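[1] no sequence for this one, just the structure:
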């Protein structure tokens, strides 16, 4: 079980505690420092311990820092000054601890072990993905650099009606495909169809190029003209050889 230090304040704290409880799997021991009683919920799990005090005070925070060895920490506070003060307090005890900081003020400390979650960027990314023809990136998975993308295959796409095995995938790969709201097993013989949603991974710059290729539509037969091909044969006029050749050409 990992010991995790969580320092919360502001309007996000209440929602964050609820999500932590909803997703709790008893694999972490949470020590949560707070100042607002409204974040406390009923039916608190046994691996959650709450401490009410001002975390900007090192004399108070050091007591909890010395109580156990922490493997991770999360700081979500309402002001830049409080956030910087808490980071400084933690660094007095843990010089190399990796931890995450909610940052709404573009904090940029010379500390390679801090991962920032910038509020404005997260909000902007979430909103822009609601627009049409915008690639959707996994924001909090992998290296968090955009190496995982979801895209929908439009009608007339160069990728529509192609076998996955026939698509060159250099520096990227199709890892999942959803069709009719169901996950489909990926295999080389699987044919991609319009409206399929595919999950691709790779280098961020390469994924953007792939997205542009998938999204481009062209008047490739039979799409967008239809899905069924009809061959008209006049057996009174055409010879057997002509009929066979016509069928072969149509196929």
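    Looks like it came in fine. The model shown is predicted, which means the values in this text are computed figures rather than measured ones. Numbering: from 1, shown residues only.
[2] may I see the buried residues of the longest helix seen in the chain?
    For the chain, the helix with the greatest residue count under DSSP state H is helix 80-93. Across helix 80-93, burial judged by 16 or more other Cβ atoms under 10 Å covers 82-87, 89-91. Using the backbone N, CA and C atoms, a C-beta is placed for each residue, glycine as well.
[3] residue 240: which of these is nearest?
    Set against residue 240, the nearest of the buried residues of helix 80-93 by Cβ to Cβ is residue 83 (82.8 Å).
[4] wait, isn't the closest one in contact with residue 100?
    No. Look at residue 83 against residue 100 with Cβ atoms under 8 Å: they stay out of range, at 11.7 Å.
[5] how about low-confidence regions in the stretch 151-251 of the chain?
    217-227 (pLDDT under 70).
[6] if we use 80, what do you get?
    Within the stretch 151-251 of the chain, the segments meeting pLDDT under 80 span 216-229.
[7] about what we covered before: just checking, what packs against the longest helix of the chain?
    Helices and strands touching helix 80-93, by 3 or more Cβ pairs under 8 Å, 6 or more residues apart in numbering; DSSP states H and E, are helix 58-65, strand 72-76, strand 99-103.
[8] make CSV out of these and add mean neighbour count.
    Formatted as CSV, these follow (neighbours: other Cβ atoms under 10 Å):
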stretch, mean neighbour count
helix 58-65, 16
strand 72-76, 20
strand 99-103, 21
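[9] format the ones you listed as CSV; extra columns: mean pLDDT and distance to residue 190.
    As requested, the helices and strands packed on helix 80-93 are arranged in CSV below (pLDDT from 0 to 100; distance: least, Cβ to Cβ, whole Å):
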stretch, mean pLDDT, distance to residue 190
helix 58-65, 90, 53
strand 72-76, 92, 39
strand 99-103, 90, 38
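[10] between the ones you listed, which gets nearest to residue 152?
    Using Cβ to Cβ as the measure, strand 99-103 is the one of the helices and strands packed on helix 80-93 that comes nearest residue 152, at 31.3 Å.
[11] in its sheet, which strands sit next to the closest one, and in what direction?
    Its sheet considered, strand 99-103 pairs with strand 72-76 (parallel), strand 114-118 (parallel) by DSSP bridges.
[12] which residue is nearest the centroid of this structure?
    Residue closest to the average C-alpha location in the chain (Cα atoms, centre = their mean): residue 138, at 2.0 Å.
[13] list the contacts of that residue.
    Neighbour list for residue 138: 146, 148-150 [criterion: Cβ atoms under 8 Å, 6 or more residues apart in numbering].
[14] just those: which are in strands?
    148-150 (DSSP state E).
[15] distance of the nearest residue to residue 134 once chain neighbours are set aside from residue 98?
    Nearest non-adjacent residue to residue 134, counting by Cβ to Cβ, 6 or more residues apart in numbering: residue 128, 5.8 Å away. Between residue 128 and residue 98 the distance, using Cβ to Cβ, to the nearest Å, works out to 29 Å.
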